[in-house]
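# here are the coordinates; sequence isn't available:
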């Protein structure tokens with residue numbers, strides 16, 4: 001099985017974090033969002049290769065993958081952000097069999113072990129939501145297969161929201177639908193959407209299942225990144241033994257990297273402190289402190305602190321990017 005991961009967006013909703021690093025490298029519960037996804041893939045017995053569609057700061061993605069993973073990988077640059085289907089089309093010449101498409105905003109819990117055994121043409125992974133009106137949803141026919149994809153429906157009866165995970169038994173069949181979409185210049189709000197390509201396949205007779213998942217965590221906005229951090233720490237990613245703790249009180253669940261130094265501080269619950277951080281005389285809860293950051297004399301909650309940032313001073317809730325220097329000592 002081949003995997004396509006489109007991740008060329010700018011991540012504007014996560015600025016200032018994404019000014020200097022791509023969204024998939026945001027640290028959540030001790031490792032980048034991308035790593036949480038890739039670690040699921042390496043468990044697959046039939047993984048052939050992974051195709052990354054990169055864009056802004058894509059060289060950081062490639063460097064991280066090559067340094068940390070040994071599976072066969074390809075990197076294609078999406079120079080024009082013309083939509084999901086356009087991104088997938090960049091992998092056309094590499095695809096020859098079953099494919100799994102994963103959008104990098106998605107942290108999920110799903111069984112992928114039996115995909116190639118399914119009798120249908122593929123699956124759209126979904127989660128039931130109370131209010132589907134801000135999501136894309138699928139509509140099912142009497143036979144249980146997907147008949148229509150609806151983007152941000154006006155009503156709530158179709159509650160199967162798509163989570164950004166798709167499996168197709170015949171990858172080339174999808175590529176043909178994508179090619180048709182682009183050739184006919186069928187755009188939605190100025191972009192070529194994967195949903196429209198899948199609709200072409202459905203209209204041509206493809207039988208696609210709607211497979212539901214119990215867990216779907218989004219990593220597209222600061223508040224959802226923190227929510228995902230809480231979920232992962234609650235479900236096995238936390239630790240309290242690692243890191244250099246000097247007069248520190250740790251309230252689980254937290255993740256403290258082995259090279260972090262914590263002095264005279266209260267950490268937790270729901271805190272991630274990455275490699276090389278120095279935290280002193282500080283109280284932190286429900287926050288993520290990225291690598292090499294220094295935080296002194298603060299009370300932090302619901303905060304994202306970027307890589308190599310330095311903060312000293314007062315009681316704040318903050319979201320600062322990489323290499324920032326903030327000092328409230330004179331307030």
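Perfect, thanks for sending it. A quick note: this is a predicted structure, and the numbers were derived from the prediction, not measured. Residues are numbered from 1 along each chain as shown.

# residue ranges with poor pLDDT in the stretch 101-250 of the chain?
For the stretch 101-250 of the chain, residues meeting the criterion pLDDT under 70 lie at 240-244.

# Residue 263 is in contact with residue 294, isn't it?
No: between residue 263 and residue 294 there is no contact under Cβ atoms under 8 Å: 11.3 Å. Bear in mind the C-beta positions are built from the backbone N, C-alpha and C, glycine included.

# neighbour count winner among these two?
residue 294 (18 against 15; other Cβ atoms under 10 Å).

# How far does stretch 245-262 stretch from one end to the other?
5 Å (Cα to Cα, to the nearest Å).

# whoops, I mixed them up, stretch 37-53
End-to-end distance for stretch 37-53: 15 Å, by Cα to Cα.

# what is in contact with residue 263 and residue 294 at once?
Here residue 263 and residue 294 have 278, 279 as joint contacts, going by Cβ atoms under 8 Å, 6 or more residues apart in numbering.

# Distance from the chain centre to the longest helix belonging to the chain, please.
What stands out as the longest helix in the chain, according to DSSP state H, is helix 171-183. Relative to the mean C-alpha coordinate of its chain, helix 171-183 is positioned 25 Å out (Cα atoms, centre = their mean, to the nearest Å).

# helices or strands up against the helix or strand just after that helix?
Later in the chain than helix 171-183, the nearest helix or strand by DSSP states H and E is helix 194-203. Here helix 194-203 touches helix 84-89, strand 146-151, strand 160-168, helix 171-183, strand 208-212, going by 3 or more Cβ pairs under 8 Å, 6 or more residues apart in numbering; DSSP states H and E.

# neighbouring contacts of helix 194-203?
83-85, 88, 101, 121, 124, 136, 146-149, 151, 162, 166, 173-174, 177-178, 180-181, 186, 188, 206, 208.

# Mark which of the residues you listed are buried, thanks.
Using 16 or more other Cβ atoms under 10 Å as the burial test, the contacts of helix 194-203 include 83-85, 88, 101, 121, 124, 136, 146, 149, 162, 166, 173-174, 177-178, 181, 206, 208 as buried.

# still on that earlier bit, quick one, the longest helix of the chain and strand 160-168 angle?
120 degrees (axes from the mean of the first three to the mean of the last three Cα atoms, to 10 degrees).

# any chance of the helices and strands packed on helix 194-203 in TSV, with distance to residue 111 too?
Below are these laid out as TSV (distance: least, Cβ to Cβ, whole Å):
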stretch	distance to residue 111
helix 84-89	24
strand 146-151	19
strand 160-168	12
helix 171-183	21
strand 208-212	9
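
# Tell me what the closest residue to residue 122 other than its chain neighbours is bridged to.
In space, and not counting its chain neighbours, residue 122 is closest to residue 168: 4.1 Å by Cβ to Cβ, 6 or more residues apart in numbering. Beta-bridge partners for residue 168, by DSSP bridges, are residue 99, residue 122.

# now residue 161
residue 127, residue 137.

# Could you pull up the contacting residues of it?
126, 127, 128, 129, 132, 135, 136, 137.

# Also residue 209?
Applying Cβ under 8 Å, 6+ apart, we find residue 209 in contact with 118, 120, 122, 123, 124, 144, 145, 146.

# residues near residue 16, how many?
14.

# got it, and residue 230?
Residues near residue 230, counting by other Cβ under 10 Å, number 19.

# Then it would be within a helix, right?
Yes: judged by DSSP: H, G, I helix; E, B strand; the rest coil, residue 230 forms part of a helix.

# Quick check: phi and psi on the closest residue in space to it that isn't next to it in sequence?
Residue nearest to residue 230 in three dimensions, not counting chain neighbours: residue 270, with 4.7 Å by Cβ to Cβ, 6+ apart. Dihedral angles of residue 270 (phi, psi; degrees, to the nearest 10) stand at phi 60, psi 50.

# surely residue 270 meets residue 253?
Yes: judged on Cβ under 8 Å, residue 270 makes contact with residue 253 at a distance of 6.6 Å.

# And the helices in this protein, which stretches?
According to DSSP H, the helices that the chain contains are 33-41, 58-68, 84-89, 171-183, 194-203, 222-232.

# hmm, who's touching the longest one?
The contact list for helix 171-183, computed with Cβ under 8 Å, 6+ apart, reads 2, 85-86, 88-89, 92, 95-99, 121, 168, 192, 194, 196-198, 200-201, 204, 206.

# ok so, going back, narrow the contacts of residue 161 to those that are buried.
Counted by 16+ other Cβ under 10 Å, these give 126, 127, 129, 132, 135, 136, 137 as buried.

# ok so, going back, overlap of the contact sets of residue 270 and residue 253?
residue 233.

# Among the two, which residue is more densely surrounded?
With neighbours defined as other Cβ under 10 Å, residue 270 and residue 253 compare such that residue 270 has more, 26 against 22.

# I'd like the distance between the more buried one and residue 217.
Distance of residue 270 to residue 217, computed by Cβ to Cβ, to the nearest Å: 13 Å.
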